[in-house]
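> what follows is a predicted protein model with its sequence.
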Amino acid sequence: MSRHVLSVTVRDQPGVLVRIAGLFARRGFNIESLSVAQSEVPGQSRTTFVVSGDDPTIEQVEKQLNKLIDVISVVDHTHAAAVDRELMLIKVRVRSPEERVEIRQIAQDFRARIVDVSRSALIFELTGDEGKVDAFIEQMRPFGITELIRTGRVALSRTAASTNRASHPTQAPAVARAS
Amino acid sequence: MTGSEVVMRLLERHGVEVVFGHPGGAIMPIYDALYDSPIRHVLVRHEQAGAHMADAYYRASGKVGVCFATSGPGATNLVTGLATAMLDSSAVVAITGNVPSGLIGTDAFQEADVYGITGPITKHNFLVKDVRELPRVLTEAFHIATTGRPGPVLVDITKDVQQATFEGSLEAEVDLPGYKPTLVGHAGQVKRAAEAVRAAERPLMIVGGGAQCAADEVVAFAERTGIPVTTTLMGIGAFPAGSEQALGMPGMHGTVTANRAISHCDLILAAGMRFDDRVTGKISRFAPNATVVHIDIDPAEISKLVRAHVPVVGDLRDVLPRLGAELGRLDVGPWREQLAAWKARYPERYETGETLASQEVLELLRQASGGDCIVTTEVGQHQMFAARLFPTSRPRSFVTSGGLGTMGFGLPAAIGAAMARPGETVVCVAGDGSVQMNVQELATLYKLQLPVVIAILNNGMLGMVRQWQELFHAQRYSEVYLADSNPDFAKLAEAYGIEGHNVFDRADAEARIAEAFAAKKPVLLNFFVYEAEKVFPMVPAGAGVDEMILGDQEAPEAPREPVVSA
């Protein structure tokens, strides 16, 4: 089992997310996170999935996604250079002025931005890779996390080309496996 | 022009000659436009049957099948038919009416989320809420249904769109950036496939439903190379069953020879088949010594269940001739001799007595047909017997629900196939259980007066379930007995205006079958057959194909005169 970050470019059609979600549910694939938003091309959205599974499972995930007519491309960032980020909003309880200072100091180290301030709580905005976001949560936990929300990972490959021009996988040797 | 007229003009432009359907409130504008169209309409008695007819129409002809249904219950009745077409890769375009777009989502009368319901059981589907989209959507629907791996496409059209005025061109470009089927096999992979086949001593070709459109290429390849061929249930007819190279069907109810060939081969050349569990049995015991070369048009089938050592994505009509060109006659003499010995040792066998045997009836039907008819089946024991004893030798002529295993398919399929191939006799091999699932289509058949022989192998039982209960559930026959409440099928046929006969013995069977073939109109023959018959050999669910139960197929020590030989 390993985790894969997939960028899936889709046509903006009603129900396209239902098709994808239904595919994952029906075939028993595990989605850990999912994010969707408009891409640079009008009428197309880029979705980022974090999926866990063994290699044959991930290969099936990619092929089944590619079979959906509204899916334009599927790129697995796991074995290629890519950047991925996640955005989190996190509300932390503040019980004393000393805690406030301490919390703000940690946040500064993580380059988390304060987006809301009240007498008993602070809301931070943090962007980073998954590890950084996880680490910040751990640092805040002793103070008391009231609530948090994460967007899930979004990813782009480092190559110059746009991933939505990537073609469907064919029988090129990349798919071929020796016994 | 109204949206409904746009629909009919586009169907005409796509060469549609016949539509199978049933009207209702939300599709009435389209039926109004149909009234003026040259397209023929077959009025079915249940929408499910309409979908099966469209499906069988495609399977028998290679021309896309079209069906109509209204919103809500009309559309949900299509579901089983669409799922059947999906699993057997059949090109169907289903057009459904829906409530006016302003009422969508309000739980309006006869409203159902047809777009949502049919998404997972279609290759693609559309919901049209703007009349301007109609030309593009319908053009794309036909394109998607018929290209690459064929499949059903549903177009749901709201009633206001059907009534709206359309101005503009019916010409539309297909705009599907995410849909580019690979048709031409990769040259390097074809070469690697050839090397693997050449290196094999005991190669075996498994031909599936994808080869129905490539039968000439399959035959040419097999004849050139001499490779032994087994045809799956869906592949029947893509390679002639009578050929010396043909081993029959593999899998759960396959022949001993085909299953032994799988266990002993050192290479599998899979052509247009998808390693269904009914073919493979337990995957870890499937062809343990074989290099797998898998040719398929759908990349998602490659290595889905059985890892392919050499995958080739492409159309068999492209790949097989190129693969053949790389190969000459294979050196498979000893292997062929071994297979011939198994074939001789394990011919089809069955007991006959005063009561008719299902197999005996199928033999008589096959003899009477002269091998020149279309066979459709329902699902169950009779289907497996038909696959083994009544396989057709021509492609697109054995029409059966393989993937979904839909009881109720065979009778409407016979109508669809007969519409697709005018003048040819269609034999619908049915069971007394299955045939009742769409028996209302006798009315449609009566009206059309098609040359369909319905052969019910009536054992008064849900025979396949009974067989499993006998073998795997300690003879606890739970809810399989039909005989105490079956109708008199001959009288039932007569009630619909169709000639029907109850048949009890061999002499009567021979006479009735001969008359039925000569009649060139619908005839129902209700054969009372031995009730405890079992389909053997059988690979129990979850077992390997090398773990067949031979049953009455067990050859005695001294080969006796076989009752029949397939």
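Arrived safely, thanks for sending.
> buried set for the top strand by length along chain A?
Longest strand in chain A, counting residues (DSSP state E): strand A:82-93. By 16 or more other C-beta atoms under 10 Å in any protein chain shown, the buried positions in strand A:82-93 come out as A:82, A:84-88, A:90-92. Where you see a C-beta, it was placed from the backbone N, CA and C, and this is true even at glycine.
> could you do stretch B:284-291 as well?
For stretch B:284-291, using 16+ other C-beta under 10 Å, the buried residues are B:285-287, B:290-291.
> and for stretch B:315-322?
Buried residues in stretch B:315-322, defined by neighbour count with 16+ other C-beta under 10 Å: B:315-316, B:318-320, B:322.
> okay, helices next: where are they in chain A?
Residue ranges of the helices in chain A, as given by DSSP state H, are A:16-27, A:55-67, A:97-110, A:130-140.
> show me which of the buried residues of stretch B:284-291 is closest to residue B:386.
For these, the closest approach to residue B:386 (C-beta to C-beta) belongs to residue B:286, at 24.7 Å.
> residues touching that closest one, list them.
Contact analysis of residue B:286 by C-beta atoms under 8 Å, 6 or more residues apart in numbering or on different chains lists B:262, B:275, B:280, B:306, B:544-545.
> so which of those residues comes closest to chain A?
Taking C-beta to the nearest C-beta as the measure, chain A lies nearest residue B:306 of the contacts of residue B:286, at 11.1 Å.
> in a strand, that's where that closest one is, yeah?
No: Residue B:306 sits outside any strand when classified using DSSP: H, G, I helix; E, B strand; the rest coil, being coil.
> chain A contacts on chain B?
B:115-116, B:119-120, B:123-124, B:127, B:144, B:176-180, B:182, B:185-186, B:188-189, B:192, B:291, B:298-300, B:302-304, B:307-314 (C-beta under 8 Å from any C-beta of the partner chain).
> ok, 7 Å please
B:115-116, B:119-120, B:124, B:127, B:144, B:176-180, B:182, B:185-186, B:188-189, B:291, B:299-300, B:302-304, B:307, B:309-313 (C-beta under 7 Å from any C-beta of the partner chain).
> so what's the residue count around the residue in the stretch 151-300 of chain B positioned nearest to chain A?
Scanning the stretch 151-300 of chain B for the residue nearest chain A gives residue B:300, at 3.8 Å (criterion: C-beta to the nearest C-beta). A total of 19 residues lie near residue B:300 under the criterion other C-beta atoms under 10 Å in any protein chain shown.
> and it, which of the three is it?
helix.
> widest-spaced pair of the buried residues of stretch B:284-291?
Farthest apart among the buried residues of stretch B:284-291 by C-beta to C-beta are B:285 and B:291. That separation is 16.8 Å.
> quick check: the residue most central in space within chain A vs chain B, distance?
Closest residue to the average C-alpha location of chain A: residue A:153 at 1.6 Å, with C-alpha atoms, centre = their mean. Distance, residue A:153 to chain B, using C-beta to the nearest C-beta, to the nearest Å: 23 Å.
> ok, that residue touching residue A:48?
Yes: between residue A:153 and residue A:48 there is a contact under C-beta atoms under 7 Å: 5.7 Å.
> so what's in contact with the two at the same time?
A:5, A:35 (C-beta atoms under 7 Å, 6 or more residues apart in numbering or on different chains).
> the closest residue to the residue of the stretch 151-300 of chain B closest to chain A other than its chain neighbours: neighbour count?
Nearest residue to residue B:300, sequence neighbours excluded (C-beta to C-beta, 6 or more residues apart in numbering or on different chains): residue A:63, at 3.8 Å. Counted by other C-beta under 10 Å, the residues lying close to residue A:63 total 20.
> one more: the one 10 residues further on?
Neighbouring residues of residue A:73 were enumerated by other C-beta under 10 Å; the total is 21.
> residue A:129 too?
Residue A:129, neighbours per other C-beta under 10 Å, totals 14.
> and what of residue A:43?
12.
> find the residue ranges of chain B scoring beneath the pLDDT cut-off.
Along chain B, segments meeting pLDDT under 70 span B:555-566.
> report the central residue of it.
residue B:400 (3.4 Å).
> grab the nearest non-local neighbour of that residue.
Nearest residue to residue B:400, sequence neighbours excluded (C-beta to C-beta, 6+ apart): residue B:377, at 4.4 Å.
> please look at that neighbour and residue B:385 and confirm they touch.
No: applying C-beta under 7 Å, one finds residue B:377 not in contact with residue B:385, separated by 9.2 Å.
> dig out what the residue in the stretch 301-450 of chain B positioned nearest to chain A forms beta bridges with.
Distances between the stretch 301-450 of chain B and chain A by C-beta to the nearest C-beta are smallest at residue B:313, namely 4.0 Å. With DSSP bridges applied, residue B:313 shows beta-bridge pairing to residue B:296.
> likewise for residue B:281?
As for beta bridges, residue B:281 partners with residue B:544 under DSSP bridges.
> equivalent analysis for the one 10 residues further on, please.
Each beta-bridge partner of residue B:291 is listed here: residue B:267, as defined by DSSP bridges.
> got the angle between the longest strand of chain A and helix A:97-110?
Per axes from the mean of the first three to the mean of the last three C-alpha atoms, to 10 degrees, the angle that strand A:82-93 makes with helix A:97-110 is 180 degrees.
> break chain B down into its structural domains.
B:3-163, B:187-345, B:358-532 (automatic domain parsing).
> make that chain A, sorry
With automatic domain parsing as the criterion, the domains of chain A are listed as A:2-80, A:83-154.
> looking at those domains, which is buried most?
Per residue and on average, the most neighbours among those fall to domain A:2-80, with a mean of 17 (mean count of other C-beta atoms under 10 Å in any protein chain shown).
> give me the low-pLDDT residue ranges for chain A?
In chain A, residues with pLDDT under 70: A:162-179.
> hang on, the earlier thing: would you convert the domains of chain A into a markdown table that also reports distance to residue B:539?
Formatted as a markdown table, those follow (distance: least, C-beta to C-beta, whole Å):
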| stretch | distance to residue B:539 |
| --- | --- |
| domain A:2-80 | 24 |
| domain A:83-154 | 45 |
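> any idea which of those domains gets closest to residue B:240?
domain A:2-80 (32.7 Å).
> between the two ends of the closest one, how far is it?
One end of domain A:2-80 sits 15 Å from the other (C-alpha to C-alpha, to the nearest Å).
> just the buried residues out of the residues of chain B next to chain A, in ChimeraX syntax.
To isolate the buried ones among these in ChimeraX, judged by 16+ other C-beta under 10 Å, type:
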select /B:115,119,120,124,127,144,176,177,178,179,182,185,186,189,291,299,300,302,303,304,309,310,311,312,313
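> among the residues of chain B next to chain A, which lie within helices?
B:115-116, B:144, B:188-189.
> which pair in these spans the largest distance?
Within these, B:116 and B:188 form the most distant pair, 42.3 Å apart (C-beta to C-beta).
> coming back round to it: TSV for the contacts of residue B:286, including distance to residue A:115?
Formatted as TSV, the contacts of residue B:286 follow (distance: C-beta to C-beta, whole Å):
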residue	distance to residue A:115
B:262	64
B:275	54
B:280	57
B:306	54
B:544	62
B:545	63
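> would you format those as JSON lines with neighbour count included?
As requested, the contacts of residue B:286 are exported to JSON lines (neighbours: other C-beta atoms under 10 Å in any protein chain shown):
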{"residue": "B:262", "neighbour count": "27"}
{"residue": "B:275", "neighbour count": "24"}
{"residue": "B:280", "neighbour count": "22"}
{"residue": "B:306", "neighbour count": "20"}
{"residue": "B:544", "neighbour count": "20"}
{"residue": "B:545", "neighbour count": "24"}
